[in-house]
Structures are given as structure tokens and as C-alpha cells.
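Trainee: build me a model from this:
(chains A and B)
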Amino acid sequence: MEAIVVENLTKDYDGLRAVDHINFSVEAGEIFGFLGPNGAGKTTTIHLLLGLLEPTDGRAQVLGFDTYTQADDVRAHTGALLEHTGVYEQLSAEDNLEFYGRVYRMTPAERQARIKELLTQMDLWERREDRAANWSKGMKQKLALARAMLHRPQLVFLDEPTAGLDVVSANAVREGLEALAEREGMTVFLTTHNMAEAERLCSQVAVIREGRLVAIGHPDDLRARAGGPRLEIFGRGFTENVLRLLRARPEVAAITMENGHLEVDLTEDTDTAPLVSLAVSAGVEVQEVRRGKATLEEVFLTLMEEEK
Amino acid sequence: MKDDILTVMWKERKGLFRAQGRRGQALLTMLSPLFLAVYLPYSAGVDWVERSMSLLLAVIVPFILVGITVPDSFAGERERHTLPTLLASRLPDRAILFGKLAMSMLFGWGITVLILLVSLVTLNVLHWPGYVLLYKPSLLVADLSVSGLVALFTAGLGVFFSLRSSTVQQAQQLTMSVLLLPAMVLQFGLLFILQSPSLRETLNSTLGALSFAQLVLIIVAVLGAAAVALLWVAMARFNRARLILSQ
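Mentor: This next block holds a predicted model:
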């Protein structure tokens, strides 16, 4: 079942096309990564999917509801952590969640139990009565994540939930998100700049640039598109003769020297032992050999370059 | 809709009364109305409950309190970046608007009633005639209705400017400036009229021909019409897409 279906969705502001005829769908229960540089149209897409903006053209369905004509239903069944945490700093953490629990018409008993469950899971329960203003950015972000998931929505929109956080806080937010999404089986629409985060969490990613969707698929498929398997050889003695010998092999697509090590792009996922033997016999002193694929970050950068 | 409005009012109440660091600010805000509540009945004596002097409090107190709280409630959400999350929730636009308006008005009007009570206690303590002094019924009705309408009018104007301002300070300054304008025009107009014997005579005869009840009714009608017009504009302008785009 599809949680989100987007068809030719377009949004113009003041003569500027922020979102340009994008098409994609998100399966229920998956974590979908929406990647793109600043100003690419990620936040506008979220606003369109939440029914906060009227599309200029095209349409979108969220959980079976039209985002324009049934926007109230979309918002009633989804949760959101937008660009800013949206935490009321003058209120306590408990009151922040209590308010949104009331907004989503949870019963007092439901609210109490759910608030305790989420704050405990996020390691915030002991400080539930503190004003959020006194909290660190990471704690506020975790509170905002708890708020987005409070009413057990079928789908949550998370707009760069780890942006601006230190490594430890970002990891805590990621772990919290991963655990909650898995346990509650909710669909997650995640925008991020962090490719490692997308790679770790998402089962499908889409890349948007200047309002247009430039790639979509499983992270492995996108990596494969950007380049096949790769061999990295660390050591000494990478002479021109060695490079020439390796280039002559049919399984080698390209060879580059990167920071003192050799990167060998392969045409297929093949046995690399003969290549290493060849390098050794040609005089290379091998210290380390790694097999790998292009990272999502490299895919992303390649896509951005292609678009330029 | 009623439950949603009450939910927004619950949050606004928490923000108003439980915000640490704002208690000092709230006390300062209350200082001048409290001073008036003691000084005015002390100097007016029994006239305080017989003549229309208490109407001054019924105008000033909600004007100050609502003029401060409404911009904080609306422009404050934008300044503190909590508005997009609120708009992304299931709350209808009208529930957000009316919940915030209702809490600010209730706060301004409630404190006004409290101040009127304080002034009555002050009067009885300082000018004890041997029996309890109470407001004349017509004056009490006038105080309650005028203060309610001033609260509503100020709230409407506050929303109008808050929706156009990026900061609380800007919204408060605009609201207060516009609210002070009619008072200043009235004051200068009266000064001008009092300098001319013929105009003064005309004003005296016009006002003299009106009973207290008629005068209050005119004020109530004008304030009521202006407040309804402002609310109508606020309802038209309080729109999700417009608010999201203005972030």
C-alpha cells in the first residue's frame, strides 16, 4: 500500500518554480529519504504534502487523502517535525506534549501513558517538568520527535531532524527515530543533508535539485548507478607501468590515484585477487586492500555535478 | 471546534501564567492599573461609584493588558518559530485564532473586573460612610460592557498588526501607536473645542441632552462595530497558506 503518491506536483512562488512536476510514491512502513541542497524544494514539498500550500499544478495523496481538498484529514493522521523544533520553550516538556495530546484528542489516560512512554524512551522523563528553554538543542530535538509521534500517526514528516546537532545528539535522535519507526511501523518522510544518515535509515531515497527530482531508488541502486564495485589498494610503488598493466585488464573500468592510494573502478563484481597479484608482481608494496562501492555522498555529488 | 478552542486556550493560559521570568514583567504591567485602582477612588471619594469615573479604568486596563498579550500570542509564535508546527497540526484556523483571542481577552477583561473590585474595596476602606458602597447598577453594566468591548477591539487590532509583523515588539508598537491615535485626536479636539465659547456651548448642550445610558450605548455601539469589523478582517487574514509563506 502506498502512503504517499505524488503526481506532477508543482509549486510557484512569485514567479519562481520551487517544485517542478515531481513524481514519486512512498510505500507504507518505509523510511523515505528526500535529499537535496539548501533551497532545492524539500521544505516546500513537505508543506505541500501537509496541505499547508496549494499546488500550482499536479496533485498529491497522503494516506489516501488529497493534500489540497482533504488537508484537514492529512494533518489529522500525520505528525511533523519541521525546520524548527516548534517546542514551546516557556512550557515544560510534559506540557508541550500534553498540549499536542489534547490537540489530537487523546484521552487523559492515553496522553499520560504515551507521554511517559516516549519521554522514557528518549531519556527525558526525569526532566519532564523542566522548562524546555533550559534544555540543549539535542534534547529539544528529541522532545520534538516525541511530539511528532505522540498520537501514533501513520506517517511522520521530519525536516532535517539532526541538522545542527553534535555527533552524539544526532546519533541519539537517529537511534530514537529508528527504534520508534520500527516498533510502531510508521512511514517516515525524512529530509536530510546527511548522506550517512540517509544511507543508514532509508529504504528508498529521492534526490531533488532546483525543484526537480533527479534520482530515486534504493540507496544500493543509486550507488550502483554512480559507479560499480571498487577496489582500493594502499601501499607504495604505484608506477606508470603498474597503472598501465592494471588498465589493460578487462575487469578494470578506470584507475585513479587518490591521496596516495589507488582506486580501481571495476566493470563488474568480480574476483579481485588477480588484480592484487598483478600489482604485487609489478613491484607494488601492498599495505591494505579494500573492496567497496561509491558512497551515497559521492552519488549525491555526482548528481549535483550532472545537473550543473 | 469548541474543544479545539479550549485546547488552544489551555496552552495560552500555561504560557501566560507559568512562564518563568515573565512574572516580573507581569507585575510591572499590573503596577499602573493597581496604582490607579487605589489612587482614583481615594481622590474621587463616593463619586467613584456614583459618576462615570470608573469607566477610565474599564478603558485603560484592558487596553494595556490585551495590547501586550495579543501581539505576544500571535507574532510571538512566529518569532519563536512555533507557528509552522501548530499549523501542521489538525487544529482548524478558526480554533487557533479564537482560542488565542479568547484567552487574551479573558485575561484583560478578568483583570479589569479584579481591578474594579480592588478600587471598590479601596473606596470602602478609605471613605467608609458606615455602610458598604457599591457601584451604581448602570455604571457597573457600563464598566463591564465597555471593558469587554475595549478588550475585543484591542485584540482585533492586535491580531491585525501581529499578522503583518515579524516580531512581537513591532506588533506591540504598531498596536499601541494606533490605539493611542484616537485618544490623542480626542484630547486635542476637546482642547480646541474648549477654547472656543460657541463650540463649548454646542458640546455642552449636545452632551447635556444625552443621558448617561445613551452616552454609554453610543460608545458601546461604536466600539462594538469597530471590534466586529476588525475580527472579520482578522478571520479573513488568518489563513494557513498565508501564514506559512510569511514565515
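
Trainee: wait, residue A:22 touches residue A:213, no?
Mentor: Yes: proximity of residue A:22 to residue A:213 meets the contact threshold set by CB atoms under 8 Å, at 4.6 Å. Every C-beta, even on glycine, is put in place using the N, C-alpha and C of the backbone.

Trainee: pLDDT weak spots in chain A?
Mentor: A:225-228, A:293-294, A:306-308 (pLDDT under 70).

Trainee: same deal with chain B?
Mentor: Using pLDDT under 70, the flagged stretches of chain B are B:18-29, B:247.

Trainee: residue B:215 versus residue B:209, what's the distance?
Mentor: Plainly put, residue B:209 is 10 Å away from residue B:215 if you go by CB to CB, to the nearest Å.

Trainee: next up, the contacts around whichever residue of chain A sits closest to chain B.
Mentor: Going by CB to the nearest CB, chain B is nearest to residue A:86 of chain A, at 2.6 Å. Counting by CB atoms under 8 Å, 6 or more residues apart in numbering or on different chains, residue A:86 makes contact with A:144, A:147, B:81, B:82, B:84, B:85, B:86.

Trainee: what about the residues you listed, which are in helices?
Mentor: Taking DSSP state H, the ones among those that sit in helices are A:144, A:147, B:84, B:85, B:86.

Trainee: what is the burial count for the second one?
Mentor: Look at residue A:147: counted by other CB atoms under 10 Å in any protein chain shown, it has 26 neighbours.

Trainee: tell me the contacts of it?
Mentor: Residue A:147 is in contact with A:79, A:81, A:86, A:87, A:96, A:97, A:100, B:85, counting by CB under 8 Å, 6+ apart.

Trainee: buried residues, the top helix by length along chain A. List them.
Mentor: Counting by DSSP H, the longest helix found in chain A is helix A:167-184. Applying a neighbour-count criterion of 16 or more other CB atoms under 10 Å in any protein chain shown, one finds A:169, A:170, A:172, A:173, A:174, A:176, A:177, A:180, A:181 buried in helix A:167-184.

Trainee: now what about the next helix or strand after that helix, what contacts it?
Mentor: Reading on from helix A:167-184 to the C-terminus, the next helix or strand found by DSSP states H and E is strand A:187-192. Contact partners of strand A:187-192, identified using CB under 8 Å, 6+ apart, comprise A:3-4, A:26-36, A:42-43, A:46, A:49, A:154-163, A:177, A:181, A:198, A:201-202.

Trainee: buried subset of the contacts of residue A:86?
Mentor: Buried among the contacts of residue A:86 (16+ other CB under 10 Å): A:144, A:147, B:82, B:84, B:85, B:86.

Trainee: chain A contacts on chain B?
Mentor: In this structure, chain B approaches chain A at residues B:3-4, B:7, B:10-11, B:14-15, B:18-20, B:22, B:80-82, B:84-92, B:240-241, B:244-245, judged by CB under 8 Å from any CB of the partner chain.

Trainee: sorry, back to before: need the ones in helices among the contacts of residue A:86 in CSV (columns: distance to residue B:223).
Mentor: As requested, the ones in helices among the contacts of residue A:86 are exported to CSV (distance: CB to CB, whole Å):
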residue, distance to residue B:223
A:144, 42
A:147, 40
B:84, 34
B:85, 35
B:86, 30
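
Trainee: closest to residue A:299 among those residues?
Mentor: Residue A:299 has its nearest neighbour among the ones in helices among the contacts of residue A:86 in residue A:144, at 29.3 Å by CB to CB.

Trainee: from residue B:79, how far off is the closest one?
Mentor: In terms of CB to CB, residue A:144 sits 18 Å off from residue B:79.

Trainee: check residue A:1 too.
Mentor: In terms of CB to CB, residue A:1 sits 41 Å off from residue B:79.

Trainee: who's more crowded, these two?
Mentor: Comparing residue A:1 with residue B:79 by other CB under 10 Å, the one with more neighbours is residue B:79, at 18 against 8.

Trainee: the more buried one: what's it in contact with?
Mentor: So residue B:79 contacts B:166, B:167, B:168 (CB under 8 Å, 6+ apart).

Trainee: only whichever of the residues you listed are buried, select them in PyMOL.
Mentor: Applying 16+ other CB under 10 Å to the contacts of residue B:79, the buried members can be selected in PyMOL as follows:
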select buried, chain B and resi 168
